[in-house]
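Visitor: Structure, please.
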Amino acid sequence: IAHGYSNLLSGALGSIQNYLVYTNSLLFIRAGADSRYAGVLLAILTAIVMFIGPSIIGFIPICVVGSLIFLLGYELLKESLMDTFNILSPFEYLTVLFIIITSAVFDFVMGIIVGLIIACFHFLVNSANLPSIQDEYDGTQLQSTVNRNAYQTELLNKVGDQIYILKLQNLLFFGTILSIEEKINIMLDREEKSRIIKYLILDFKNIKTDQIDYSAAEGFNRIKRFVSSKNITLIISSIKETDTIYKVFNKVGLLEDVELFNDLNSALEWCENKYLYHYKLLKNQQLAKLNVDKKEMSMPNIKVNNKDIKGFLNIASSPMFANTPRNDMFYKAAKNVINTETEVGKNLYQAINKNKSGTSDLLQKNDHQSTNYCLSLFLQSFKTFIEEKDFDKWSPISAYFKKVTLNPHEIISNDNCVILVESGLIKISYSVT
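Guide: You can find the predicted model right below:
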């Protein structure tokens with residue numbers, strides 16, 4: 001900027017122009033002129049030469065000028081070629097050599113342009129070789145933070161292989177999107193995981209969401225079409241509507257028929273809820289087929305809204321129960337969990353009936369059906385920690401529970417309590433001091 005202002009003022013006053021020359025500046029500094037006083041002195045001497053004329057230059061010996069130029073050229077070559085020989089990488093050393101040759105054959109500006117082109121190409125190659133996938137998991141290795149009961153957890157562990165997560169990283173452009181496409185193609189075709197995976201989650205948490213080009217967005221469109229041909233649901237996480245990458249994806253039509261979430265945990269929870277919803281429908285179908293009285297099994301009733309009833313009546317046409325390897329895997333896992341839950345329910349019923357006569361006065365004052373219900377829910381919730389042979393020992397604890405229906409967004413002010421959730425979701429906030 002200072003160089004531009006000085007040229008503007010000198011031109012307005014009719015003076016000569018000034019320009020930056022690397023060799024002259026280097027010679028000036030190495031001669032010891034590294035202070036502001038030297039610059040002022042140089043300006044004064046330049047003004048004297050301008051008024052006296054160039055005849056004074058004739059008194060300077062030519063051998064001195066030639067020696068200075070030769071010495072300066074040697075030092076520059078030594079600095080750029082000899083001193084950097086064991087420091088720079090082979091590619092960087094060749095770049096310096098190309099710049100020197102281009103500058104010698106053409107001019108200094110052309111050498112700088114060639115150096116910039118080579119440096120950009122080098123950056124492109126290095127960026128394309130960076131790993132675009134940080135980690136990969138399935139649903140058995142990575143689950144949401146929602147705390148679920150033992151039966152739901154068992155089901156999700158059995159079908160966790162159908163959820164696959166790819167955590168992306170580094171830059172997204174036409175050079176890196178190819179490695180992501182290749183990874184997904186190998187995973188679904190060569191490794192034959194397309195027969196197992198039902199939900200594919202691409203997490204963009206470690207991606208710079210303001211840096212993506214059109215070619216990369218089109219690459220994700222190709223991935224979307226490919227996984228759709230395999231009947232796999234594509235899910236994108238860790239992208240917000242305010243991000244630049246969201247706008248780019250939206251322009252190319254990528255977000256149509258794609259599930260989008262602000263974070264990976266929400267995406268995992270959505271996938272898990274899909275399995276648990278169909279598990280609930282299959283459970284009701286199984287109970288209806290067996291014509292078993294739910295009271296006999298002491299299992300908490302699962303409330304089904306109108307939408308669920310419609311799905312239950314048309315359960316045979318549900319995509320989750322179609323005859324495919326993925327759905328067959330889910331059906332077997334769900335049926336196994338339902339049988340386990342049914343058997344435990346029968347044992348609970350026997351334990352509750354066995355202890356009817358031994359209940360305390362406090363228990364008798366409460367509604368008998370409600371206390372049995374709460375006891376059943378408690379024992380099933382802590383199934384992992386309580387063995388079936390010890391069910392009868394925990395009967396008195398039901399006297400301290402009561403069944404309450406909470407309204408949406410209702411706040412529970414009592415923080416000194418134990419809450420058993422039959423259905424729905426409770427959000428807990430912790431205040432750490």
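Visitor: mind checking the SS state of S103?
Guide: helix (DSSP: H, G, I helix; E, B strand; the rest coil).
Visitor: So what's the residue count around it?
Guide: 16 (other Cβ atoms under 10 Å). To be clear about C-beta, it is placed using only N, CA and C from the backbone, and glycine gets the same treatment.
Visitor: I figured it hits G111, correct?
Guide: Yes - S103 is in contact with G111 according to Cβ atoms under 8 Å; the separation is 3.2 Å.
Visitor: all strands of the stretch 51-200 of the chain, in order?
Guide: 133-138, 163-172, 199-212 (DSSP state E, counting those that start in this stretch).
Visitor: Output the first one in PDB with nothing but the alpha carbons.
Guide: Provided in PDB are the C-alpha atoms of strand 133-138 (Å, rounded to 0.1, in the frame of the first residue of the first chain):
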ATOM      1  CA  ILE A 133     -13.700 -40.700   6.300                       C
ATOM      2  CA  GLN A 134     -12.600 -40.300   9.900                       C
ATOM      3  CA  ASP A 135     -14.400 -43.300  11.400                       C
ATOM      4  CA  GLU A 136     -17.100 -45.800  10.600                       C
ATOM      5  CA  TYR A 137     -19.500 -47.500  13.000                       C
ATOM      6  CA  ASP A 138     -22.600 -49.700  13.000                       C
END
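Visitor: angle of that strand against strand 199-212?
Guide: If you take axes from the mean of the first three to the mean of the last three Cα atoms, to 10 degrees, strand 133-138 sits at 160 degrees to strand 199-212.
Visitor: what's the answer for the second one, then?
Guide: Interaxial angle, strand 163-172 versus strand 199-212 (the same axes, to 10 degrees): 10 degrees.
Visitor: So in that sheet, which strands flank strand 163-172, and in what orientation?
Guide: strand 133-138 (antiparallel), strand 199-212 (parallel) (DSSP bridges).
Visitor: Quick check: which ranges of the stretch 51-200 of the chain have low pLDDT?
Guide: Along the stretch 51-200 of the chain, segments meeting pLDDT under 70 span 190-191.
Visitor: any chance of the strands paired with strand 163-172 in a markdown table, plus distance to V421 and mean neighbour count?
Guide: Shown next, in a markdown table, are the strands paired with strand 163-172 (distance: least, Cβ to Cβ, whole Å; neighbours: other Cβ atoms under 10 Å):
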| stretch | distance to V421 | mean neighbour count |
| --- | --- | --- |
| strand 133-138 | 27 | 15 |
| strand 199-212 | 25 | 19 |
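Visitor: Name the helix or strand for K427, please.
Guide: For K427, there is no enclosing helix or strand under DSSP states H and E.
Visitor: roughly how far apart are it and N336?
Guide: 31 Å (Cβ to Cβ, to the nearest Å).
Visitor: Looking at these two, which one has more neighbours?
Guide: Neighbour count, other Cβ under 10 Å: between K427 and N336, N336 has more, with 13 against 5.
Visitor: Chain neighbours aside, what residue packs nearest to that one?
Guide: K158 (7.3 Å; Cβ to Cβ, 6 or more residues apart in numbering).
Visitor: Let me know the distance separating F28 from N327.
Guide: In terms of Cβ to Cβ, F28 sits 80 Å off from N327.
Visitor: I misspoke; the intended subject was V64.
Guide: For V64 relative to N327 (Cβ to Cβ), the value is 91 Å.
Visitor: who has more neighbours, the two?
Guide: Shown here are V64 and N327; by other Cβ under 10 Å, N327 has more neighbours (17 against 9).
Visitor: how about JSON lines for the strands of the stretch 51-200 of the chain, with distance to T153 added?
Guide: As requested, these are exported to JSON lines (distance: least, Cβ to Cβ, whole Å):
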{"stretch": "strand 133-138", "distance to T153": "15"}
{"stretch": "strand 163-172", "distance to T153": "14"}
{"stretch": "strand 199-212", "distance to T153": "18"}
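Visitor: so which of those comes closest to C417?
Guide: strand 163-172 (33.7 Å; Cβ to Cβ).
Visitor: and the gap between I201 and I428?
Guide: Counting by Cβ to Cβ - I201 and I428 are separated by 25 Å.
Visitor: my bad, K393
Guide: 29 Å.
Visitor: what does I223 give?
Guide: 37 Å.
Visitor: And these two? Which one has more around it.
Guide: Counted by other Cβ under 10 Å, I223 and I428 do not tie: I223 has more neighbours, with 20 against 8.
Visitor: following the strand or helix carrying that one, which helix or strand comes up?
Guide: Using DSSP H and E, I223 maps to helix 214-229. Heading C-terminal from helix 214-229, the first helix or strand you meet, by DSSP H and E, is strand 233-237.
Visitor: same for that next one, what does it pack against?
Guide: strand 199-212, helix 214-229, strand 259-261, helix 264-290 (3 or more Cβ pairs under 8 Å, 6 or more residues apart in numbering; DSSP states H and E).
Visitor: sorry, back to before: now tabulate the strands paired with strand 163-172 in CSV and tack on distance to S55.
Guide: Conversion of these to CSV gives the following (distance: least, Cβ to Cβ, whole Å):
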stretch, distance to S55
strand 133-138, 71
strand 199-212, 60
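Visitor: and S10, which of those is closest to it?
Guide: Short answer: strand 199-212, nearest of these by Cβ to Cβ, at 42.3 Å.
Visitor: Now do the closest one against strand 233-237, angle only.
Guide: 40 degrees.
Visitor: then strand 199-212 to CSV, C-alphas only?
Guide: What follows is strand 199-212, C-alpha atoms only, in CSV (Å, rounded to 0.1, in the frame of the first residue of the first chain):
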residue,chain,number,x,y,z
TYR,A,199,-30.0,-46.7,7.2
LEU,A,200,-26.8,-45.0,6.1
ILE,A,201,-25.8,-41.9,8.1
LEU,A,202,-23.3,-39.4,6.8
ASP,A,203,-22.1,-37.2,9.6
PHE,A,204,-20.6,-33.8,8.7
LYS,A,205,-19.5,-32.6,12.1
ASN,A,206,-15.8,-32.5,11.2
ILE,A,207,-16.4,-30.9,7.8
LYS,A,208,-16.0,-27.2,7.2
THR,A,209,-19.7,-26.5,6.4
ASP,A,210,-18.8,-23.3,4.5
GLN,A,211,-16.4,-24.9,2.0
ILE,A,212,-17.9,-27.1,-0.6
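Visitor: Report the separation between the residue nearest to S238 when sequence neighbours are not counted and A399.
Guide: In space, and not counting its chain neighbours, S238 is closest to K205: 3.9 Å by Cβ to Cβ, 6+ apart. From K205 across to A399, the span is 47 Å (Cβ to Cβ).
Visitor: Read off the pLDDT value for N262.
Guide: Looking at N262, its pLDDT stands at 90.
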